[in-house]
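**Student:** I need the structure of the sequence given here:
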Amino acid sequence: MTDTYLSYDQLHALLTGVLRAGGYNAAHAAAIAHTMTQAERDQCRSHGIYRLAGVLKSRRAGLATGEKAPVIHDAADRPITKIDAGGEFAPLASAQGLPLLAAKARRYGLAALAINHCLHLAALWPEVEALAHQGLGALAMCPSNAYVAPAGGIRKLFGTNPLAFGWPTGDDRPYVFDFATSVIARGEIELYRLDNKPLPDGWGIDRDGQPSNDAAAVLDGGALLPFGGYKGSAIATMIELLAAVWIGDLLSSESSEADGGRGLAPLHGELIIAIDLTAFGAGDYESHSRILLDAIREQGARLPSQRRYAARASAATRGIPISADNLAKLRRMEKGELDVELY
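**Tutor:** Numbers count the residues shown, from 1 in each chain. This next block holds a predicted model:
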């Protein structure tokens, strides 16, 4: 069906209303809706309203209450902040923690935020981009449920274990990348299944460990593969160690065990590190950074996030595109008809 175009505020209000109808309080609903609206604005479909069904399902199943406030453990004399999300979705804890993290990075040069016991639905670029807009470098990472086999393995062990990085450039388009350490994010595999499209070679294996182009076979008993073979596998391992073991949270395999096959949102932690770029007294880091980034562009190469930024610029003038069918479904959901299937 033909797309309809909504402003950011219109889509945010609509998604907030759906989440409120689904049992989330005002603070959680607004924070989760903000995350989804950013993804839709930047045309990251796999992390936008596609995630809404899982958020509502997790609330109905009692995995999230939709009401617990994050509990902040902030050591005033250390560059560390911990937030216990209380088993709720991460956006509210992230929104409350990032200002504390930014302040500590400026004080100590380097600071870390651990969000523990959170449910996850989002990409990580919103966190690192927000910090980059404040003139800070940033890294973010998290495990998930076990969906990915290690290089050379045949069984799920890792999550898709995304890693995101942000670096200010002096304008409104910081250098930002965010990628899964699997060949592709699991949400993209889900979209292939929904669209009945075959997967490209090398994305996954079936339950017998054989290469498969069938999205359903990869998702149901099979496994995704790490990008770059042993290199992606090593980075995925690092993320398990830093964003699970180090911060005292669940490995991806433990998150899957806790889920017990229900297919709900993964329960784990997230690690965000912020860097004050003036800490080493390196001078004009923005100009120095541009030498590198301009050299990449001059070769005709595309910088990460350029596609997102282009979609964002289009949304600023035309609005955020949403199919008329999905818009009608969201309006029904806002009125309490929550079993509607999007897409």
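**Student:** how far does stretch 210-218 sit from the chain's center?
**Tutor:** How far stretch 210-218 lies from its chain's middle: 24 Å, per CA atoms, centre = their mean, to the nearest Å.
**Student:** Ends of that stretch, what's the gap?
**Tutor:** Stretch 210-218 has its terminal residues 10 Å apart, counting by CA to CA, to the nearest Å.
**Student:** list the buried ones in that stretch?
**Tutor:** Within stretch 210-218, the residues that count as buried by 16 or more other CB atoms under 10 Å are 212, 213, 215, 217, 218. Yep, even glycine has a C-beta here, placed from its N, CA and C like the rest.
**Student:** Which ones among the residues you listed lie within helices?
**Tutor:** Members of those lying in helices (criterion: DSSP state H): 215, 217, 218.
**Student:** residues near residue 101, how many?
**Tutor:** 27 (other CB atoms under 10 Å).
**Student:** list the contacts for it?
**Tutor:** Taking CB atoms under 8 Å, 6 or more residues apart in numbering as the criterion, residue 101 is in contact with 81, 111, 112, 113, 131, 272, 274.
**Student:** Could you give the secondary structure assignment for the spatially closest residue to residue 330 that is not a sequence neighbour?
**Tutor:** Of all residues not flanking residue 330 in the chain, residue 14 sits nearest, at 5.5 Å (CB to CB, 6 or more residues apart in numbering). Following DSSP: H, G, I helix; E, B strand; the rest coil, we place residue 14 in the helix state.
**Student:** isn't residue 14 right next to residue 6, touching?
**Tutor:** Yes - counting by CB atoms under 8 Å, residue 14 does reach residue 6; the two are 7.3 Å apart.
**Student:** what pLDDT does the residue positioned nearest the centre of the chain get?
**Tutor:** Taking CA atoms, centre = their mean, the centroid of the chain lies closest to residue 123, which sits 1.6 Å from it. Looking at residue 123, its pLDDT is 92.
**Student:** Quick check: phi and psi at it.
**Tutor:** phi -70, psi 170 (degrees, to the nearest 10).
**Student:** what's the closest non-adjacent residue to it?
**Tutor:** Per CB to CB, 6+ apart, closest to residue 123 is residue 47, 4.6 Å.
**Student:** That neighbour contacts residue 187, doesn't it?
**Tutor:** Yes - using CB under 8 Å, residue 47 is in contact with residue 187, at 6.4 Å.
**Student:** More neighbours: these two, which one.
**Tutor:** A count of neighbours by other CB under 10 Å puts residue 47 above the other of residue 47 and residue 187, at 23 against 20.
**Student:** any idea how far that one lies from residue 63?
**Tutor:** Going from residue 47 to residue 63 by CB to CB, to the nearest Å gives 19 Å.
**Student:** Same question for residue 35.
**Tutor:** Distance of residue 35 to residue 63, given as CB to CB: 18 Å.
**Student:** again, but for residue 300
**Tutor:** Where residue 63 is concerned, residue 300 sits at a distance of 46 Å (CB to CB).
**Student:** List the residues that contact the residue nearest to the centre of the chain.
**Tutor:** 39, 44, 47, 162, 164, 178.
**Student:** For these, which entry has the maximal number of neighbours?
**Tutor:** residue 162 leads those on contacts (other CB under 10 Å) with 25 neighbours.
**Student:** So what touches the helix or strand containing residue 291?
**Tutor:** Residue 291 is part of helix 285-298 when elements are defined by DSSP states H and E. For helix 285-298, contacts defined as CB under 8 Å, 6+ apart pick out 167, 168, 169, 170, 175, 277, 278, 282, 303.
**Student:** can you rerun that using 6 Å?
**Tutor:** 170, 277 (CB atoms under 6 Å, 6 or more residues apart in numbering).
**Student:** Name the next helix or strand following it along the chain.
**Tutor:** Sequence-wise, the next helix or strand downstream of helix 285-298 (DSSP H and E) is helix 306-318.
**Student:** pLDDT averaged over that following helix, what's the number?
**Tutor:** On average, helix 306-318 scores 96.
**Student:** Output whatever helix or strand comes next after it as PDB, restricted to C-alpha atoms.
**Tutor:** Using DSSP H and E, the helix or strand that follows helix 306-318 in sequence is strand 320-323. Below are the C-alpha coordinates for strand 320-323, written out as PDB (Å, rounded to 0.1, in the frame of the first residue of the first chain):
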ATOM      1  CA  ILE A 320       8.800   9.500   8.200                       C
ATOM      2  CA  PRO A 321       7.300   7.000   5.700                       C
ATOM      3  CA  ILE A 322       5.000   4.300   7.100                       C
ATOM      4  CA  SER A 323       2.700   2.000   5.000                       C
END
